[in-house]
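Engineer: Any chance you can model this:
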Amino acid sequence: MNDGSRSAADRLPGLENRLFDIPEDKFVEVVRLLERVRDHPDVRETFAAIRPRLVQVRPQRRPTLKRILCLPFEDVLEGFGSAEIPPGRIERRVIEPLWRLVAECGDRHQLDQLDRQVQETAPGNRNALRNIGLRLWPMAAQAIRVAVGQTAAGATAAGQAAVGQGGSGQAVRLLHGDEDLRRQVLEVVSFLEIGPIIEALKDALSPKPLPALEPADIAAIEQAAQAAACQSPASVFPLLLVAASRLARPADLLAVMPGLDLGKARREQPAIFARLGGLVVANLEERGARLASRPDSGSGAANATASPEEAVAIAERLVAGVLTTSALIDALAEPAYRERLGSVKAAVRSMVTGTVLDTAPHGILSAVPVPSAGRPLPVDEDAQAAAEDHARALRRCEGLADALGLRQPLKDTLASMERGLLDRAHALLAQYPAAAAEPDGAETAEMALFYALRLLEMVAGPAKADRLREAIMAATGEFAEG
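Structural biologist: Coordinates of the predicted model:
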């Protein structure tokens, strides 16, 4: 690293905080500069810290061999604090020791060749990067298996020599004796061994997340599974994990599994189905547990970390997964799953209650200005927009109410919001004559009435809002005509 790069890296601590606030174009520019010295420990820490914004902005990144290595299993990598967790997830802490195993135990001559090709490849040329992967993935898989002392069946003596001597010692050093890390590294190998098949399937199941499985998607999964089975029946399971991870509702894959023809893995199909079902249930449990540990999941929480609409969207996906999986309980032959899925529903119920129902008085009613003596208060546009989002989320809860046992609490909340909005709107109407006498007061008061009417229509429906509309028209002349 040259002096300029070292000097820049030495100033990195604390930079990640500023990188969340700068404009997007400046953020992309800084990311490109940092990638030139990305092997510096401070730079790696900075990239880890700003990864949530990297996921959001998705700047075109400089290709590297490490990034190409991750392509086959990128869909099962854990997210960043999200409730959306892929089934059978691989932790991101695996990537660095995994890459160092490949770099230290792999074919150095071949790695140097591939690295030169990467440097000559344009960032957006995904086909070229995949072509490099075609050579990298099998070599890396073999190197890793030998290094951790689990040589793949059929690996030749020459293949073992290619990864050098002392592979097991390097693996112990790089994996720090962490058995869970070792297990995940070996799981990654199963994705690398079918890298080309996975990449073709990713193209078919795009864009991610897929909202529903269409016949063409099911056919693509079946074809990919048969190709993986030709390589090894054991390869079908990691392929199906990728497919499930690309779906908005991973449990949807379980629903079509019984009808899939897995080719040479037909005999293993019941075991694959049961294993995948277990992972889907565990995945739903983990996502539910994360909801339960959120600061906004408890009743009446004031500092919600998800907006009401985001919370309902998460709830809809989880409930759909629970219902799909519940319908397959008999086929999965695991009665205990019912109780486990029940705990997921309980966590979702708690999150919806705390984030949408309990916060409705503050989230919706507080947007309507309280009448005051003198000049009327103007509407807070941001508060109104947030209140409308909250009202939409509240109405969307009707689709979840029966599944979550929230029918009566939701009914009570909607009735309470209706009464509250009517009370505030009538108070504004009573103040209107005095407000209209102030300079520009009529326009301000009319805007507040219009927004209160809009919220009432969203919460209670057009029919109940009509009476308020008529009252507003009776009290305001020019406004009613507009």
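Engineer: Could you list the low-pLDDT ranges of this structure?
Structural biologist: Applying pLDDT under 70 to the chain flags residues 1-17, 21, 36-39, 55-61, 80-84, 149-173, 292-305, 373-375, 477-482.
Engineer: let's see 80
Structural biologist: Where the chain drops to pLDDT under 80, the residues are 1-62, 79-84, 123-124, 149-177, 290-306, 329-334, 371-377, 436-440, 477-482.
Engineer: Return the residues in contact with the residue nearest to Gly321 when sequence neighbours are not counted.
Structural biologist: Spatially, and ignoring its direct neighbours in sequence, Gly321 is nearest to Ala251 (4.0 Å; Cβ to Cβ, 6 or more residues apart in numbering). From N, CA and C alone the C-beta is placed, and that goes for glycine too. The contact partners of Ala251, by Cβ atoms under 8 Å, 6 or more residues apart in numbering, come to Val280, Leu284, Ala320, Gly321, Val322, Thr324, Thr325.
Engineer: now for those residues, which pair is the farthest apart?
Structural biologist: Using Cβ to Cβ, the contacts of Ala251 reach their maximum pairwise distance at Val280 and Ala320, which is 12.0 Å.
Engineer: between the two, which one's more packed in?
Structural biologist: Val280 (27 against 16; other Cβ atoms under 10 Å).
Engineer: Hmm, that one is touching Asp252, no?
Structural biologist: No: if you go by Cβ atoms under 8 Å, Val280 and Asp252 don't touch, sitting 9.7 Å apart.
Engineer: from memory Ile272 sits against Arg266, does it?
Structural biologist: No: assessed by Cβ under 8 Å, Ile272 is found out of contact with Arg266, at 10.1 Å.
Engineer: So which of these two has more stuff around it?
Structural biologist: Each of Ile272 and Arg266 has its neighbours counted (other Cβ under 10 Å); Ile272 has more, 19 against 13.
Engineer: name the element the nearest residue to that one once chain neighbours are set aside belongs to?
Structural biologist: Excluding the flanking residues, the one nearest Ile272 by Cβ to Cβ, 6+ apart is Phe237, at 5.5 Å. Using DSSP states H and E, Phe237 sits in helix 236-245.
Engineer: Remind me what the biggest helix by length in the chain packs against, helices and strands.
Structural biologist: The single longest helix within the chain, with elements called by DSSP state H, is helix 407-436. Packing partners of helix 407-436 (3 or more Cβ pairs under 8 Å, 6 or more residues apart in numbering; DSSP states H and E): helix 360-364, helix 381-396, helix 441-460, helix 462-475.
Engineer: what are the ranges of the strands in the stretch 101-250 of the chain?
Structural biologist: In the stretch 101-250 of the chain, no segments count as strands under DSSP state E, counting those that start in this stretch.
Engineer: Helices of that one, start to end?
Structural biologist: 108-119, 126-147, 157-162, 167-175, 179-192, 195-204, 215-231, 236-245 (DSSP state H, counting those that start in this stretch).
Engineer: now the first one and helix 126-147, what's the angle there?
Structural biologist: This points to helix 108-119. 160 degrees (axes from the mean of the first three to the mean of the last three Cα atoms, to 10 degrees).
Engineer: then helix 108-119 to CSV, C-alphas only?
Structural biologist: Output of helix 108-119 as CSV, limited to C-alpha atoms (Å, rounded to 0.1, in the frame of the first residue of the first chain):
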residue,chain,number,x,y,z
ARG,A,108,-1.7,-20.3,-6.8
HIS,A,109,-0.8,-20.3,-10.5
GLN,A,110,-4.5,-20.7,-11.5
LEU,A,111,-5.6,-18.0,-8.9
ASP,A,112,-3.1,-15.5,-10.3
GLN,A,113,-4.4,-16.2,-13.8
LEU,A,114,-8.0,-15.7,-12.8
ASP,A,115,-7.1,-12.6,-10.9
ARG,A,116,-5.6,-11.0,-14.0
GLN,A,117,-8.8,-11.9,-15.9
VAL,A,118,-10.9,-10.2,-13.2
GLN,A,119,-8.9,-7.0,-13.4
